[in-house]
Structures are given as structure tokens and as C-alpha cells.
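In: requesting a structural model of the entry that follows:
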Amino acid sequence: MESFQNKSAQEDVDDYSPLWKFVTKVEKAVRGGNVTWSCNICNKVCKGSYSRVKTRLLKQKGAGIAGCTAVTMDQIKRMQQLIDDAELRKKNSKQKEVPLPSSSASSNMASKSSFSSSGILQNDDPTKKRKGPLGPLEKSFNLNARDELHSKIASLATQRTIPGYLPPGYNLLRTSLLQKEKAHIGKLLEPTKAAWKEKGVSICSDGWSDVQRRSLINIMVVCESGPMFLKAINCEGEYKDKTFISKLLINAINEVGHQNVVQVVTDNAPVCKVAGLLVETKYPHIFWTPCVVHTLNLALKNICAPIDSLQNKEAFDECKWIAEVANDASMIKNFIMNHNMRLSMFNDNSNLKMLSLADTRFASTIIMLKRFRQIKKCLENMVISERFDGFDSMDMEGATILEIANLSLDEPELESVLFTDEGGVGDETDMDV
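Out: Sure thing, here's the model as predicted:
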């Protein structure tokens, strides 16, 4: 650690190669860029150019040299920051381009002079010519190049093509370019993977389906250094039982390394629970953990949408009023949102918008009822307004809706519930009425 923090650099170290300061040169290069150097962190002697120094210290792959075993994640992050700063200095040191003049200035200059392709200023008066090298400011007024650029931009906007550019074909996109991009992404993820052995990881898995009900299971690796998408498995035509799911989880654990895995996180489905127990049987040091969000969602489902069954009789009797109030609020929302005139009157009386229910997210029921408490006065002002009285298309359904609105929002059970700013539930004593 002491050698890592040493700031004494070699004589030929420049601002664009900051990692030379973390090695000691043993022999100077005879020819080429290869030198013999000793790592200041592990004291191992190696030979190579600056690219090998960078590869070894950052634990990258692909340069024919192993990563330094003594370097830590904090040191890697510090060295990466030095490299980023050096690249930024190198970029800022380049010659900056002078912006082109405005269109009005260009038209005035075009009437007086133009530049030839050789860089010689040509005036309309043939007797007045001057030759010589042009500076960057004069070159920026090259109208011919500007017109050519304008034509390419117009071609790109109208024909969606760039003249002279041949895009890669189908085979190149799915082979060489795809492999290069995959290798590039893998190199960017090397620092994240290096932290797995030190910090441990969690394997997170969930099931998804598209609009055509085709299912897949994705697997992610979560660590202190950040989450990383591992893979997605096409489960179309597969029977997702405990054996199938446990096999996918075990394969992911083996890919990451079972010694690096701390826990496996899935939802609370019974088949996932059994699959997690099978993983615990194979790897006793790995725990199965249910998803907290899914657990809370199931609890809210039993509260906001209780099922009338013999096993759930007590919960249904205690919570059925919540479902009734939620249905009334949803009916009021549809009554207003499904008609442009009613929606316009509501917007005139309220700065807040109505919130919709999500079919599978039962926390949205509580959030919607909280919003209705906030806009209750606005709904009352809307109903008693003169504009609402002149609305001739009000039918018996509308009268029923308004009656429901008057009853639902004054339910004694609803008044005893506090919907806090975070969407939680609290005591009535803290309620702002």
C-alpha cells in the first residue's frame, strides 16, 4: 500500500500515461516500446509496453499478461480515475475547430469572394488576388465544404442515407461486429467481476412474458460494485417446475462460482420456494431469500382485494370495505376521465391529476385513494359549479356516480385511515383535514 501511494514518477512519465508511476523501470527500451519493469504493488518483474502495465494493474484480459493479485478494488478505481483524467487532458489539448459563420454572414461573403479547393482566396475582381497559407479562421469560411456538408445533411434527412457510406450487412452485424461489441462490454465489466470474490454476490431471478405470452427467465448478479445482467433463458414450451428452475439457478451459480454466491433471490411462488430449497440442499452456504417487493404486494393483495373463502373469512370481513371504496373511486375516475367535457371541468378545478389502478400492483389502490382524499374538495367544487349545472348530457348513471362519490369519501372506515405522503398508513391523529 505504501508503494502504491508513492508519487515519485519516472523521468519520462507524461500526463497521458499516468500508470507508469505505479511501476519501476528496471531496463530502458533498446528499441520499440517494450521495457523491463517491476510492479510497485506485488514486486513482480515483467516486460512490456504501457498497454501491458495498464492491463496488469487494472486486471484486464487480452494483452497476454496476468492481472496483479495484490491490487485492490479501491486501487483499481483510483487508477481508472487517473486514466480518465489523462484522456480528458489529451482530448482538451487537441486543436479546437472554429465554428462556422451564420447563414447571413455566409451569404454576404459568398457575394464577395469564394475559396478554391487549393485554399487560395478568389475575389470577383481578377486583378485582386493573393496567395499564401490560410489560418484556421479563414479555412472555416470554406463555403464549398459547407455546401457539401449541407447536401449530405439534407440527403440524410430525406433519404435516410449518407452518400458514399455503405452500412454493414446482415452477416457482419450478427458475427464480427456483435462479437467485438460483446468483447468490449465484457472488458468494461471486468472491474465489477473482480469484486465478486471480495464482496460476494446475490443471484436474482424473475420470470417475464411478452404480449404474445412467450415466457423467459432473466438472471442478474447483484454486488456492492453494482448489478450485472447475466443472461436470459427462453422458456417457451418448457414446463417451469421446481426441477427446471433449480437447474437454471444452479447453472448460474456455477457460472459465477459457488464460492462467490451468498444468496439466491426469487419471488414467493411455491415452485420458486421449492427450487430455492433444492439450491440450499446442493450448496448449504447459499440461502434462498424471497423478494421483499413481491411479499409486500401479496400482503396488500390480501388487504385491498380480499378473497371470500372459508380460510380467509376473517380477513375478508375486516377488509372488504376497502375493496368497495376502491371500486367506487375507480367508477368515479372512469366517469370523469371517459368524457372530454367532464375532464375539462375537473382540470379547471384541480391542479392534480387522477391516478389509475394497476391490475397486479395493489399498492396503487392505496395511492389512488390517497389522491382522492387530496382532490375531494376539487370534486365538490366541480359538482356545484355553474358549468356542471349546464351540462345537459348528465344521465341517471351520472347521478348514481355522484351519490357514490358523496357516500364513499365520507365512509367512517376511510376517515380512520391516514395516507401519508409516502403512500403509507398511519394514525388519524396526524391527519391534516
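
In: the chain: strands as residue ranges?
Out: Using DSSP state E, the strands of the chain run over 23-27, 35-39, 45-48, 113-115, 121-123, 129-130, 201-209, 215-223, 226-234, 261-266, 287-290, 418-419, 425-426.

In: just want the most central residue of the chain.
Out: The chain has residue 227 as the residue nearest its centroid, 10.9 Å off, counting by C-alpha atoms, centre = their mean.

In: excluding covalently adjacent residues, which one is nearest to that residue?
Out: Leaving aside its sequence neighbours, residue 227 sits nearest to residue 220 (C-beta to C-beta, 6 or more residues apart in numbering; 5.6 Å). C-beta here means a position set from N, CA and C on the backbone, and glycine is covered the same way.

In: hang on, isn't that neighbour packed against residue 230?
Out: Yes. Counting by C-beta atoms under 8 Å, residue 220 touches residue 230, with 6.0 Å between them.

In: name the spans of this structure whose pLDDT lies under the cut-off.
Out: For the chain, applying pLDDT under 70 flags the ranges 1-14, 29-33, 94-141, 143, 159-163, 357-360, 391-433.

In: before we move on, back to that, with distance to residue 323 added, can I get the strands of the chain in TSV?
Out: Converted to TSV, those look like this (distance: least, C-beta to C-beta, whole Å):
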stretch	distance to residue 323
strand 23-27	69
strand 35-39	67
strand 45-48	70
strand 113-115	78
strand 121-123	83
strand 129-130	88
strand 201-209	27
strand 215-223	30
strand 226-234	36
strand 261-266	29
strand 287-290	25
strand 418-419	16
strand 425-426	16
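
In: out of these, flag the one nearest residue 61.
Out: strand 45-48 (14.6 Å; C-beta to C-beta).

In: outside of that closest one, which residues touch it?
Out: Strand 45-48 is contacted by residues 26, 34-39, 52, 56, 63, 65 when judged by C-beta atoms under 8 Å, 6 or more residues apart in numbering.

In: mark which of the residues you listed are buried, thanks.
Out: Burial by neighbour count, 16 or more other C-beta atoms under 10 Å: within the contacts of strand 45-48 this picks out 35, 37, 39, 52, 56, 65.

In: closest one of the residues you listed to residue 269?
Out: residue 56 (46.2 Å).

In: wait, the closest one touches residue 68, no?
Out: Yes. Taking contacts as C-beta under 8 Å, residue 56 lies within contact range of residue 68: 5.3 Å.

In: which residues do these two both contact?
Out: Contacts common to residue 56 and residue 68, judged by C-beta under 8 Å, 6+ apart, are residue 39.

In: and residue 279, how far from residue 217?
Out: Counting by C-beta to C-beta, to the nearest Å, the gap from residue 279 to residue 217 is 14 Å.

In: with neighbour numbers in mind, choose between the two.
Out: residue 279 (24 against 21; other C-beta atoms under 10 Å).

In: residues in contact with the more buried one?
Out: 246, 249-250, 253, 264, 286, 288.

In: repeat that for residue 374.
Out: By C-beta under 8 Å, 6+ apart, the neighbours of residue 374 are residue 352.

In: how close does it sit to residue 85?
Out: Between residue 374 and residue 85 the distance is 49 Å, computed by C-beta to C-beta.

In: residues touching stretch 216-226, excluding its own?
Out: By C-beta under 8 Å, 6+ apart, stretch 216-226 touches 73, 191-192, 195-196, 199-209, 227-236, 240, 245, 248-249, 252, 256, 265.

In: from those residues, keep the buried residues only.
Out: Those of these that meet the buried threshold are 73, 191-192, 195-196, 201-205, 207, 230, 233, 235, 240, 245, 248-249, 252, 256, 265, by 16+ other C-beta under 10 Å.

In: tell me the spacing between residue 211 and residue 364.
Out: Applying C-beta to C-beta to residue 211 and residue 364 gives a distance of 21 Å.

In: compare the two (neighbour count), which wins?
Out: Neighbours per residue (other C-beta under 10 Å) separate residue 211 from residue 364, with residue 364 holding more: 18 against 5.

In: among the contacts of residue 279, which lie within helices?
Out: 246, 249-250, 253 (DSSP state H).

In: widest-spaced pair of these?
Out: Pairwise distances across these peak at 10.3 Å for 246 and 253 (criterion: C-beta to C-beta).

In: let me know the closest of the contacts of strand 45-48 to residue 348.
Out: residue 63 (67.4 Å).

In: grab the nearest non-local neighbour of that closest one.
Out: residue 55 (3.8 Å).

In: go on, residue 197?
Out: Nearest to residue 197 is residue 260, by C-beta to C-beta, 6+ apart, at 5.9 Å.

In: that neighbour: neighbouring residues, count only.
Out: Using other C-beta under 10 Å: residue 260 sits among 18 other residues.

In: pretty sure it is touching residue 198, no?
Out: No. With contact defined as C-beta under 8 Å, residue 260 does not reach residue 198; the gap is 9.3 Å.

In: CA atoms only for stretch 361-369 - export them in CSV, please.
Out: Only the C-alpha atoms of stretch 361-369 are listed here, as CSV (Å, rounded to 0.1, in the frame of the first residue of the first chain):
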residue,chain,number,x,y,z
ARG,A,361,-49.8,-3.7,-8.2
PHE,A,362,-52.1,-3.5,-5.2
ALA,A,363,-50.1,-0.6,-3.7
SER,A,364,-51.6,1.5,-6.4
THR,A,365,-55.0,1.1,-4.7
ILE,A,366,-53.8,2.9,-1.6
ILE,A,367,-52.1,5.6,-3.8
MET,A,368,-55.3,6.2,-5.7
LEU,A,369,-57.4,6.6,-2.6
